[in-house]
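Below are the sequence and a predicted model; questions follow.
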Amino acid sequence: MRWPSALWLGCAAAILSTQSAGAQERESYDDFRNRVMAEHDAFRNSVLDSYSKFFNSVWQEYEQFQEAGRWPEPKPLKAPVAPEPDKTRPAVTLPSPPRPEKPKVEVARKDVEVPETKRPQRTSGKETTIDFYGVPVVIAGRAPMLIGKLEKGADFAAQWEKLSADPTAIEAAAAIAAKARELGLNDFLTFDLVREYVRQTNTRAHSTVRTALVHYIASHLGFNIRVALVNGEGVILLNTLQTLYGKPYYNVAGEKYYLFPDGVDFSGPVRVSTCPLPADADHGRAVDMRFNRPLTLPVKPHDFTLTAAGLTLAGTVNANIYPMLYRYPQTDYEVYAVSSLDPSLRRDLVAQLKSQLDSVAPLEAADRLLGFTQTAIKYATDEQAHGFEKPYFLEEWLYYPLNDCEDRAVFYSYMLWNALGIECQMINYPGHESVALTLPGVTEGDRYESEGKTFLISDPTYIGARTGQGMPVYATTPPRIDYHYHR
């Protein structure tokens, strides 16, 4: 018999999903909470029977694997400077890139408007305030307080039963979901909010207890998440829609789960043990790393003005978003291309560029934007600037004083398409991210063929280069297409 999908509270699983986004936006907080609680009460017995049984079964061990880093080859320590264009130099025809992999989800979830939420009316009148990357976040209701240490499956089963019998934990799940919706948090930041909530409200609890509570809350939000043991410590295993580069992971029943310890550093690869779940069970949904709606955090203004190559971009970014993104896991470039953290800011940037380039021919406009991207912000590798690999979302490009090749490629390709309407591709070479564009009738320069069109290299890290002028070191290397802005 199929394991009841109610374990994941089908209603709560849709809290952040797009299928029910319109209905969710029309609900008041109280209606939203009451609906979640009603679903929970209706299915609580089957939940207890199911998960307690699985926790009480014999736990299985799994071997750790290491996801490769996004950049196994080193990036150049300095941005190379292009020579003056030489019309006598023959153009390079690069080998055609392999057909790009199909995106894991072809169409990004639609951004949703942030609903107005009412302050929850609870008989206890209590609430919990946590520090979420410097932003005070108020979670309605009393936080579940846990003690002890969990050592075996029976202990986890007993705690699951205890949490299910006490409405505090499921109320916390509903309150966290509503707060995440209010702040515009995506799946991963919602998971992060759950972890911070548990960590800050149960500071003295053992890691096994905290991870069991994280697992309980996050699973009731619909996420595909496991709780596991490593050398007596509790850890979280999280299934994600996209790759998380450089992170340890485990193959559990044919699914990939990334390791998220509870503040414990393990030396070297470690095996984990977790309870088995039926293969036909509804394990929940993979965490989506993309941002499909605007972040609506309290505003901490940070003004910027960037001037280069005869172009100027100016505006204000919300500095509160940057601590949340600073250690955001490295993931697929599709995420950086399609995410929009501040749509109104992006619309303003696009309008500014259009007003300055509207009367310019497409190729010249692309070259002016290329020169701006090459020189508006100084080049430095992420290791030089941050001490670790740190890809930027476009909004981060406007904040930090240094950036490198993939950050420039994200910004330049986005603006080529959205401000100038020029079809382009983000392309990858060993140790380097670049861009190529296609324009009707423009074929002169270093190029390759893709999907029946000629794409010219337009490299935002090759200082002084124009469209059609690629780095000689990659003249015989077929690029890999990371993302395609196409008609």
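In hand now; what should we look at?

pLDDT below threshold where in the stretch 1-150 of the chain?
1-49, 86-88, 100-125 (pLDDT under 70).

Mind doing that once more with 50?
Residues of the stretch 1-150 of the chain meeting the criterion pLDDT under 50: 1-26, 41-48, 105-124.

same check, this time on the stretch 351-487 of the chain
Filtered on pLDDT under 50, the stretch 351-487 of the chain yields no residues whatsoever.

Can you identify each of the helices in it by residue range?
362-375, 382-385, 394-397, 405-420 (DSSP state H, counting those that start in this stretch).

which one of those lies closest to D332?
Closest approach to D332 among these is made by helix 405-420 (11.8 Å; CB to CB). Placement of C-beta: from N, CA and C, glycine included.

what's in contact with the closest one?
Contact partners of helix 405-420, identified using CB atoms under 8 Å, 6 or more residues apart in numbering, comprise 75, 333, 336-337, 346, 349-350, 353-354, 357, 362, 365-366, 369-370, 373-374, 391-394, 396-397, 422-427, 432-435, 437, 458, 460-461, 483, 485.

picking that back up, can you redo the helices of the stretch 351-487 of the chain as CSV with mean neighbour count and distance to L306?
Formatted as CSV, these follow (neighbours: other CB atoms under 10 Å; distance: least, CB to CB, whole Å):
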stretch, mean neighbour count, distance to L306
helix 362-375, 21, 8
helix 382-385, 17, 17
helix 394-397, 22, 9
helix 405-420, 25, 10
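
I'd like those written out as TSV, with distance to V442 added.
Listed next are the helices of the stretch 351-487 of the chain as TSV, based on distance: least, CB to CB, whole Å:
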stretch	distance to V442
helix 362-375	6
helix 382-385	33
helix 394-397	26
helix 405-420	13
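
from the contacts of helix 405-420, which ones fall inside strands?
Among the contacts of helix 405-420, the members found in strands (DSSP state E) are 424-427, 432-435, 437, 483, 485.

Neighbour-wise, give me the winner out of those.
V435 (31 neighbours; other CB atoms under 10 Å).

Please report the distance of that residue from Y429.
With distances taken as CB to CB, to the nearest Å, V435 is found 12 Å from Y429.

Could I get the average pLDDT for stretch 185-202?
Averaging pLDDT along stretch 185-202 yields 97.

and it, which residues are buried?
The neighbour-count check on stretch 185-202 (16 or more other CB atoms under 10 Å) flags 185-199, 201-202 as buried.

Now R285: phi and psi?
Phi and psi for R285, reported as degrees, to the nearest 10, are phi -110, psi 150.

Number of residues surrounding it?
18.

just T93 next, same as before
By other CB under 10 Å, 12 other residues sit near T93.

Would you confirm that it contacts G445?
No: because the distance of 10.1 Å does not satisfy CB atoms under 8 Å, T93 is recorded as not touching G445.

What distance do you get for S344 to D303?
Distance of S344 to D303, given as CB to CB: 15 Å.

likewise E182?
Per CB to CB, E182 is found 26 Å from D303.

Looking at the two, which one has more neighbours?
Set E182 next to D303 and count neighbours by other CB under 10 Å: E182 wins out with 16 against 9.

Secondary structure element holding that one?
Taking DSSP states H and E as the definition, E182 sits inside helix 167-183.

what pLDDT does the residue most central in space within the chain get?
Taking CA atoms, centre = their mean as the criterion, M289 is the residue nearest the geometric centre of the chain, at 2.9 Å. Note on M289: pLDDT of 97.

Same check on the one 3 residues further on?
According to the model's per-residue confidence, N292 sits at a pLDDT of 91.

just checking, it touches S339?
Yes: here N292 reaches S339: they are 7.5 Å apart, a contact under CB under 8 Å.

give me the number of residues near the closest residue in space to P343 that isn't next to it in sequence?
The shortest distance from P343 to any non-neighbouring residue, by CB to CB, 6 or more residues apart in numbering, is to P294 (5.3 Å). Neighbourhood size, P294 [other CB under 10 Å]: 18.

my guess is P294 is in a helix, correct?
No: assignment of P294 by DSSP: H, G, I helix; E, B strand; the rest coil gives coil, placing it outside any helix.

Quickly note the distance from it to E151.
Taking CB to CB as the measure, P294 falls 44 Å from E151.

Can you list the buried residues in stretch 161-180?
Buried-residue list, stretch 161-180, by 16+ other CB under 10 Å: 161, 163-164, 167, 169-180.

I meant to write stretch 236-254 there.
For stretch 236-254, burial by neighbour count (16+ other CB under 10 Å) applies to 236-245, 247-250, 252.

which stretches of the stretch 151-300 of the chain form strands?
Assigned by DSSP state E, counting those that start in this stretch, the strands in the stretch 151-300 of the chain fall at 225-230, 233-238, 248-252, 255-261, 272-274.

Present the ones you listed as TSV; the columns should include mean pLDDT.
Listed next are those as TSV, based on pLDDT from 0 to 100:
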stretch	mean pLDDT
strand 225-230	95
strand 233-238	97
strand 248-252	96
strand 255-261	96
strand 272-274	96
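
Output the ones you listed as JSON lines; include the columns distance to E84.
Below are those laid out as JSON lines (distance: least, CB to CB, whole Å):
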{"stretch": "strand 225-230", "distance to E84": "56"}
{"stretch": "strand 233-238", "distance to E84": "51"}
{"stretch": "strand 248-252", "distance to E84": "48"}
{"stretch": "strand 255-261", "distance to E84": "48"}
{"stretch": "strand 272-274", "distance to E84": "57"}
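
out of these, nearest to G310?
Nearest to G310, of all those, is strand 255-261, at 44.8 Å by CB to CB.

What lies in contact with the closest one?
With CB under 8 Å, 6+ apart, strand 255-261 has contacts from 64, 67, 195, 207, 224, 226, 230, 233, 235-240, 244, 247-251, 272, 283, 329.

and it, how far out from the chain's middle?
Here strand 255-261 is found 15 Å from its chain centre; the criterion is CA atoms, centre = their mean, to the nearest Å.

Also stretch 229-239?
Computed by CA atoms, centre = their mean, the chain-centroid distance of stretch 229-239 equals 22 Å.

Tell me the one among the buried residues of stretch 161-180 nearest to Q469.
For these, the minimum distance to Q469 (CB to CB) is 45.8 Å, reached by A180.
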